[in-house]
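Participant: take this sequence and fold it.
(one chain, ligands or ions: 1)
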Amino acid sequence: MTVDTTPDIESALRHVKSAVRELSAYTLRNHEPRVKLNQNESPYDVPAELKVALWASLAARTWSRYPPFVASDFIGAVAEATSWPEAGILVGNGSNELIQALLAIVVERGRTVVIPEPTFTLYRLLTGVGGGTVESVALEEDLKFDVDGIIAAARRTAASIVVLCTPNNPTGSALSREEIEVLHDGTEALIVLDQAYVEFGGYDAIPLLVDRPRVVILRTFSKAMGMAGLRAGYLLGHPDLVREISKAKLPYNINFVTESIAAEVLRNRGLLQPQIDRIRAERERLFERMAGIEGIRVFASAGNFLLFRVEHPGVDHRVVFRRLVEEHGVLVRDVSDYPMLERCLRVSAGAPEENDAFVAGLVAVLSR
Ligand code: PMP
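Facilitator: Numbering: from 1, shown residues only. The predicted structure is shown next:
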């Protein structure tokens, strides 16, 4: 069946909020390259012995019934892992779902969300969908956070939320404990810390939750936990605020497969630590190797990825991107359309042989 694209489509689209029609959707093309270093995924799968045990537990469940209304097994495992009370935890179908719920209960026309940029683009998109205003604060020249600038912007706009991605995607910059405290104390906004990459570096902000009801932390299973395909994440905050956020979350957002697997893997998280340590070590090795390549500038990173700028005169970063994938089978991410990131690409730290393939490809592409 083909979709009729006659001009009358406007009769439907005119009902869409104008703020939404002005936005571009978040999309990513499906690629199946030999070496996939474009989405900051873990190169290491969940250990096989754990998978076998998980399948058995799924087979024992009753599939015809709804999962428990509250995903208490998953929430209990998060509480145990984070030492944060269950009433202050929400679990989601990826952490993205939870930032969506949080923004939904706060953002409306006239409300401002302060976003240091460049950063993960979803915050801007979802603020726009909610009809709110984004107050963007540029990172500093070296891509560090402009703490004073963020505070000034939040005060000037009486912002409702400051979203801080730390470590930041795609730059790898991270905030220290002191910087987060200064940001918190200098503003009256909700301080949302997206810590999707914190297992790889940067300050783990969970201790800041105590006595600071304006702090909210988001975490994911998609990166260090090696389970992007599972779709699981969690949010930590003051129980009274979490109760409000839960009003914007769909019932049964966590299916029983995710609930069982996430809880069990979290209880066995010690098994994942060697993989996380290996990825951190690979990030450092990759950084050293890239720092030695003439014509590129690589930025230090606390995440499982590295941002680099193609500075080689006469070499177009888009050509580097295309030849890496077409001639060497290595897919990275082109982030050159983010503010401040002209000519920049981002590479995820993969397994050693994947990183070697990337470096060899990059050297070959730059030397032609
Ligand atoms: N936060 C940040 C900063 C990210 O970069 C990503 C993945 N690109 C996510 C969250 C993903 O969240 P999830 O898979 O948990 O929905």
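
Participant: in the sheet, who's paired with Val192?
Facilitator: Counting by DSSP bridges, Val192 is bridged to Val163, Val216.

Participant: burial measure for it, as a count.
Facilitator: By the other C-beta atoms under 10 Å criterion, the neighbourhood of Val192 contains 25 residues. (C-beta placed from N, C-alpha, C; glycine too.)

Participant: one more: Val113?
Facilitator: Residues contacting Val113 under the criterion other C-beta under 10 Å number 28.

Participant: where does it fall, helix, sheet strand or coil?
Facilitator: For Val113, the secondary-structure state derived from DSSP: H, G, I helix; E, B strand; the rest coil is strand.

Participant: make 761 the first number, not 1, from now on.
Facilitator: Let's use 761 as the start, then, which means that last one is Val873.

Participant: tell me who's in contact with it.
Facilitator: Residues touching Val873, when contacts are defined by C-beta atoms under 8 Å, 6 or more residues apart in numbering, comprise 863, 866-867, 883, 887, 892-895, 919-923.

Participant: in stretch 883-902, what counts as buried?
Facilitator: Buried residues in stretch 883-902, counting neighbours by 16 or more other C-beta atoms under 10 Å, are found at 883-890, 892-895, 897, 899.

Participant: quick one: which of those residues sit in helices?
Facilitator: In helices, judged by DSSP state H, the following of the buried residues of stretch 883-902 are found: 883-889.

Participant: between those, which is closest to Val776?
Facilitator: Closest approach between those and Val776, by C-beta to C-beta: Val889, at 10.4 Å.

Participant: need the pLDDT of the closest residue to the closest one other than its chain neighbours.
Facilitator: Leaving out its chain neighbours, the residue that sits closest to Val889 by C-beta to C-beta, 6 or more residues apart in numbering is Val780, at 5.6 Å. At Val780 the predicted local confidence, pLDDT, stands at 93.

Participant: hmm, Gly890 and Val780 touching each other?
Facilitator: No. The pair Val780 and Gly890 fails to qualify as a contact (C-beta atoms under 8 Å) at a distance of 9.5 Å.

Participant: list the contacts of the residue of the chain found nearest the ligand.
Facilitator: Checking the chain residue by residue against the ligand with C-beta to the nearest ligand atom singles out Gly854 as nearest, at 2.5 Å. Shown in contact with Gly854 (C-beta under 8 Å, 6+ apart): 980, 982, 991-993.

Participant: Pro793: how many residues sit nearby?
Facilitator: Applying other C-beta under 10 Å, we find 15 residues neighbouring Pro793.

Participant: sticking with it, tell me its helix or strand.
Facilitator: Counting by DSSP states H and E, no helix or strand carries Pro793.

Participant: shouldn't it be in contact with Gly1089?
Facilitator: Yes. At 5.3 Å, Pro793 counts as touching Gly1089 under the criterion of C-beta under 8 Å.

Participant: residues from the stretch 911-1060 of the chain in reach of the ligand?
Facilitator: Taking C-beta under 6 Å from any ligand atom as the measure of proximity, the stretch 911-1060 of the chain contacts the ligand at 925, 929, 954, 956, 980, 982, 988, 993.

Participant: which pair in those spans the largest distance?
Facilitator: Of all pairs drawn from these, the one with the largest separation by C-beta to C-beta is Cys925 and Ala988; the distance is 17.1 Å.

Participant: helices of this structure, residue ranges please.
Facilitator: Per DSSP H, the chain has helices spanning 770-773, 778-781, 808-819, 832-842, 855-866, 882-889, 907-916, 937-946, 999-1005, 1016-1027, 1033-1051, 1077-1088, 1112-1126. These are given in chain order.

Participant: how about stretch 822-835: buried residues?
Facilitator: Under the neighbour-count criterion of 16+ other C-beta under 10 Å, stretch 822-835 has 827, 831, 833-835 buried.

Participant: chain center to that stretch: distance?
Facilitator: With C-alpha atoms, centre = their mean, to the nearest Å as the basis, stretch 822-835 stands 26 Å off its chain's centre.
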